[in-house]
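Novice: Could you work out the structure for the sequence below:
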Amino acid sequence: MERRKFIAILGGSAIWPVAARAQTPGRTYRIGYLTFSSSRQSSFYALLDELRLAGFIEGQNLTVLDDGFGIVENELAAAAAALVKASPDAIFASGFVLAKAVQSPTKAIPILVLSEDLLAEGLTSSLARPDRNITGISLLSPELAGKRQDLMIEAVPGGRRMATLADANTTAPQQLKTLRDAASARGIELAIFTIRTPEDIVPAMDEIKASGAAAINVLASPLLFANRRLIIERTRELRLPAVYGKSNSNQMYDSKSS
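Specialist: A predicted model of the protein is given here:
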């Protein structure tokens, strides 16, 4: 993700209160972070770096509420409610599932989300003029994911079973269904494997190999992009042809492992 795009969303929209932008002298601002990851990811460090440039410095006039890290899926609703009850100035949610969970208990606290398509996921009705308490960045990668899947199928003729590796934090179920339907129309069985944390990546890829998949389509997400070296090395070790999506721009890079 480009840092200045990230902070532009934060500073130029409803995600950060006007009072915060004015930086009331002596006040400490508080942000909440809701994620399945047990630790801070690169996107969050980018946010803190740019906030620092804007004058909001963790440990001085900015506090991060850490209770939203490492959320367990079946405790998501309770964790979201607890974060809202803490009344932070703004909340960052790393994916549409988390954004929906935290949007439910509050219509007032600004929420920033990094997801595939805020409009398609029903999180807002306008990107240019958000009409709710939520805004953020749409990766808009579903169409590119389908094109990469087509390239993958053509690159591995004869392969009747393919796999997709997706980040469940940011990839909407509808996108996965679309990919599966498109593969089925071409006579390909598509197996979907999802991860939520970096620790899930290697086991998921081992399962992909064991499933008999002829190739793998790694979808775009900040988590998968941040761990791209691990993924590429593992596909090489498993001798799996692969195609990859790059999450921090509309560009795409493809690589086949032999």
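Novice: Now the residue nearest the centre of the chain. Nearest residue, chain neighbours left out?
Specialist: Nearest to the geometric centre of the chain sits Thr170, at 3.8 Å (Cα atoms, centre = their mean). In space, and not counting its chain neighbours, Thr170 is closest to Gly95: 4.3 Å by Cβ to Cβ, 6 or more residues apart in numbering. All C-beta spots, glycine's among them, are computed from the backbone N, C-alpha and C.
Novice: residues touching that neighbour, list them.
Specialist: Going by Cβ atoms under 8 Å, 6 or more residues apart in numbering, Gly95 touches Thr35, Phe36, Val113, Leu114, Ser115, Asp167, Ala168, Asn169, Thr170.
Novice: same deal with Ala215?
Specialist: Contacts of Ala215 by Cβ under 8 Å, 6+ apart are Met152, Ile153, Ala155, Val156, Gly159, Met162, Ala163, Leu240, Pro241, Ala242, Val243.
Novice: Check the gap between it and Arg132 for me.
Specialist: Using Cβ to Cβ, to the nearest Å, one gets 40 Å for the distance from Ala215 to Arg132.
Novice: Then Val64?
Specialist: 24 Å.
Novice: and if you look at Pro88?
Specialist: 17 Å.
Novice: more crowded one of these two?
Specialist: Pro88 (19 against 14; other Cβ atoms under 10 Å).
Novice: I figured the more buried one was touching Leu65, is that so?
Specialist: Yes. Using Cβ atoms under 8 Å, Pro88 is in contact with Leu65, at 5.7 Å.
Novice: quick one, strands of this protein?
Specialist: Applying DSSP state E to the chain gives strands spanning 29-34, 62-65, 90-93, 111-115, 134-138, 161-167, 189-195, 216-218, 242-245, 252-253.
Novice: Quick check: which of those strands is nearest to Leu176?
Specialist: In terms of Cβ to Cβ, the element of the strands of the chain nearest to Leu176 is strand 189-195, at 5.2 Å.
Novice: What residues sit buried inside the closest one?
Specialist: Leu190, Ala191, Ile192, Phe193, Thr194, Ile195 (16 or more other Cβ atoms under 10 Å).
Novice: List the neighbouring strands of it plus their orientation.
Specialist: Here strand 189-195 has these sheet partners by DSSP bridges: strand 161-167 (parallel).
Novice: Extract the CA atoms of the partner strand and return them as PDB.
Specialist: Backbone C-alpha positions of strand 161-167 (Å, rounded to 0.1, in the frame of the first residue of the first chain) are rendered in PDB as follows:
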ATOM      1  CA  ARG A 161      -7.500 -29.200 -10.600                       C
ATOM      2  CA  MET A 162      -6.200 -25.700  -9.600                       C
ATOM      3  CA  ALA A 163      -5.900 -23.900  -6.300                       C
ATOM      4  CA  THR A 164      -6.400 -20.400  -5.000                       C
ATOM      5  CA  LEU A 165      -4.700 -19.000  -1.900                       C
ATOM      6  CA  ALA A 166      -6.800 -16.100  -0.300                       C
ATOM      7  CA  ASP A 167      -6.700 -13.900   2.700                       C
END
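Novice: any idea of the mean pLDDT for that strand?
Specialist: Strand 161-167 comes out with an average pLDDT of 94.
Novice: again with stretch 242-256
Specialist: Average pLDDT, stretch 242-256: 51.
Novice: next one: stretch 121-129
Specialist: 78.
Novice: for stretch 55-62, same thing?
Specialist: Throughout stretch 55-62, pLDDT has a mean value of 91.
Novice: got the end-to-end distance for that stretch?
Specialist: Stretch 55-62 has an end-to-end distance of 9 Å (Cα to Cα, to the nearest Å).
Novice: Stretch 119-128 too?
Specialist: Using Cα to Cα, first and last residues of stretch 119-128 are 11 Å apart.
Novice: contact partners of that stretch?
Specialist: With Cβ under 8 Å, 6+ apart as the test, stretch 119-128 has contacts from 96, 99-100, 103, 113, 115, 118, 130-132, 134-136, 138, 172, 174.
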